[in-house]
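Undergrad: based on what follows, work out the 3D shape:
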Amino acid sequence: MSERPATAVIFTRAAPAHFNDAPLVFFSKSLPDVKAVWVAAELPMSDVKLMARKINEQGVTRIVLAGEQPGLDKAYFTGAMAAAGQNPAGVVLAGFREQGILSDAGLEMAQAVVYCAVKGVPFERAAQPKQVPVNPDTLVIGAGIAGIQAALEIAGGGQTVYLVEKTGTIGGHMAMFDKTFPTLDCAACILTPKMVEVGQNPRIVLMTYSEVKALSGTPGHYTVKILKKARRVNLSTCIGCGMCAEKCPARAKSEFDAGTTLRKAIYIPFPQAVPNKYLIDAASCIYVQNGKCGVCAKVCPVPDCINLDEKDEEVDITVGNIVVATGFKPFDAARAEQFGYGKFPNVLTSLELERLVNASGPTDGGIHFRSKDKKDNWVFTAAAGQPKSLALIHCVGSRDENFNKYCSKVCCMYSLKLAHLIKEKLPDAEVVEYYIDMRAFGKGYEEFYERIKEEGVKIVRGRTAKIAEQNGKLLLRTEDILGDRLDEREFDMVVLAVGLEPREDSEALARMLGISRSEEGWFMEAHADGEPVGTFTGGVTIAGLCQGPKDIPDSVAQASAAAAGVLQSIVRGSVGGSVKDLSLREIQTQANQLVEAES
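TA: Residues are numbered from 1 along each chain as shown. Model (predicted):
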């Protein structure tokens, strides 16, 4: 039997402070194969030779780097091992972040990660929960493109799916888009056939205007409490004639049109909505708020179709798997005060421009200025004038220490798409894009970027410092890095490419489902490379933008992967339990068994 290597466990600079506390350090020192336990902050991290001497003095032949992102320090320690005459391959990683360990509550799991690394056993192999019987029914939370794709594939496998959506229709943000990049395909042409298929599929139980309120049970057999909010319009008998909306006196900002226009208190979210039935927004309905009005019920031609006194109800369902596809929210551009959003009417967000260029939007596809209606509401109408110069500013709310440090991944490409659509609608307009770095990362994306430059769009590399108003126009103060100068230029309209953020309810949902979130608030996958849609809660998978910024093709691919995992568990008749529920002792036992089996 070969001699076991003398191992040093090193807690790297990327380790959170609480992982350097006594429990984890003492645990590491107690392991029989561990020769030394060091903290990187106390090591000569700028001197490879000094570190090599320390390695030799302790007789260390193998190093386990433990921490949140230990790979950041690996190059230094492999160099030190080589300088010490040891095998650089003896430096292995024990990463906490990829195992969803981001808080004190994960201390025992962090100990298990270190133990497996010391034993030379992959944590994923040792942390294998037992298989348990699975209920074949599935819950999909969120009905954007990812939730729709997952539901259709699971139902296509002959299984029952409960598709729960918080709003009055399925479709999500994609339904608001005019075109998709880089092919410029019609977004509705791709999405609406899938929406119709969901509405007609007998294996999909569609629950719109509903939300998940509580979860109980165990992997493979969850009981889910769902709140069905009162639509106050009967889905079975509504004929969608529109007489109610025509007579309704109350108005509110249209969510589907990103607030660019107003809708009635009784409304269909958009013409192709599924279900294509009216519902009443309680927050803007005069009757619900003060007991007066009720004109919609009086003019409705279908008896008892509208019940203004309908109450919310709760229902319980039992499922074996849950797919979370709750999506994202756009960054609130008003937070970046330097750009004047909300102060200057013709500073728009990218989503607002999406609705303007869409033929089903408030201006029938025309790009017009924002103006006040008779009741002093700022809206877009086809009667207003059109801009002759437009600027698009990238990375609003992204790659910014003040807001979100991460790249939102899609802003560069959708800004290029919007520039193309502007030139298509206003061929003589001056269009300028201001960017930090152009991240055209996907298939056909770089080619699309080159195409946009050939269409007469000027692309300037540099941050925009401020937007002010001057002579009735918008004055941009920006830098031009390639031109090595600061620049001031006037525009008629400015479009802010807002980034993507986790939804406000993601924390509550994560707590309910027992899944981890990243520091930014995105749902954490079980492993970025090996299990990108799995979580550490058995039977719960994630797909789409709730996991992090991504484009439509990646969202669809993740949804298909999640559906494949669900169908696999149903065919097998069982699902794995929760990794997070495994004890340190259980993982140690399985790791030891693997070592014995391979010795």
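Undergrad: when you work out contacts or count neighbours from here on, use the C-alpha atoms and nothing else.
TA: Noted.
Undergrad: go through stretch 166-182 and flag the buried ones.
TA: 166-182 (16 or more other CA atoms under 10 Å).
Undergrad: just the residues you listed: which are in strands?
TA: Among the buried residues of stretch 166-182, DSSP state E puts 179-180 in strands.
Undergrad: now do the helices in the stretch 101-250 of the chain.
TA: Using DSSP state H, counting those that start in this stretch, the helices assigned to the stretch 101-250 of the chain run over residues 107-119, 123-126, 145-156, 187-200, 243-247.
Undergrad: most tightly surrounded among the ones you listed?
TA: helix 145-156 (a mean of 26; mean count of other CA atoms under 10 Å).
Undergrad: tell me which other helices or strands that helix touches.
TA: strand 138-141, strand 161-164, helix 187-200, strand 204-207, strand 321-324, helix 552-572 (3 or more CA pairs under 8 Å, 6 or more residues apart in numbering; DSSP states H and E).
Undergrad: okay, the ones you listed in TSV with distance to residue 482 and mean pLDDT next?
TA: What follows is the helices and strands packed on helix 145-156, written out as TSV (distance: least, CA to CA, whole Å; pLDDT from 0 to 100):
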stretch	distance to residue 482	mean pLDDT
strand 138-141	46	98
strand 161-164	49	98
helix 187-200	35	97
strand 204-207	52	98
strand 321-324	43	98
helix 552-572	32	97
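Undergrad: can you redo these as TSV with distance to residue 276?
TA: Output for the helices and strands packed on helix 145-156, formatted as TSV (distance: least, CA to CA, whole Å):
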stretch	distance to residue 276
strand 138-141	20
strand 161-164	16
helix 187-200	10
strand 204-207	13
strand 321-324	24
helix 552-572	24
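Undergrad: relative to residue 129, which of the ones you listed is closest?
TA: helix 552-572 (14.1 Å; CA to CA).
Undergrad: other SSEs contacting the closest one?
TA: helix 145-156, strand 540-542.
Undergrad: got the angle for the first one vs helix 552-572?
TA: Think helix 145-156. 30 degrees (axes from the mean of the first three to the mean of the last three CA atoms, to 10 degrees).
Undergrad: how far off centre is helix 145-156?
TA: 17 Å (CA atoms, centre = their mean, to the nearest Å).
Undergrad: now do stretch 188-202
TA: That offset, for stretch 188-202, works out to 22 Å (CA atoms, centre = their mean).
Undergrad: repeat for stretch 577-585
TA: On CA atoms, centre = their mean, the centre of stretch 577-585 falls 27 Å from the chain's centre.
Undergrad: check which residues of it are buried.
TA: Those would be 577-580, 582, 584, for stretch 577-585 by 16+ other CA under 10 Å.
Undergrad: what's the closest of those residues to residue 54?
TA: The closest of the buried residues of stretch 577-585, once distances to residue 54 are taken by CA to CA, is residue 584, at 31.2 Å.
Undergrad: what sits against the nearest residue to that closest one once chain neighbours are set aside?
TA: Spatial nearest neighbour of residue 584, chain neighbours left out: residue 112 (5.6 Å); criterion: CA to CA, 6 or more residues apart in numbering. Neighbour list for residue 112: 123, 584, 587-588 [criterion: CA atoms under 8 Å, 6 or more residues apart in numbering].
Undergrad: near residue 303, how many other residues are there?
TA: 11 (other CA atoms under 10 Å).
Undergrad: could you do residue 72 as well?
TA: Neighbours around residue 72, by other CA under 10 Å: 13.
Undergrad: returning to what we had before: residue 73: which of the helices of the stretch 101-250 of the chain is closest?
TA: Closest among those, using CA to CA: helix 107-119, at 16.2 Å.
Undergrad: tell me how far residue 206 lies from residue 317.
TA: 13 Å (CA to CA, to the nearest Å).
Undergrad: got it, and residue 28?
TA: For residue 28, the distance to residue 317 - CA to CA - is 45 Å.
Undergrad: what about those two, which has more around it?
TA: For residue 28 versus residue 317, the count of surrounding residues by other CA under 10 Å is larger for residue 28: 23 against 14.
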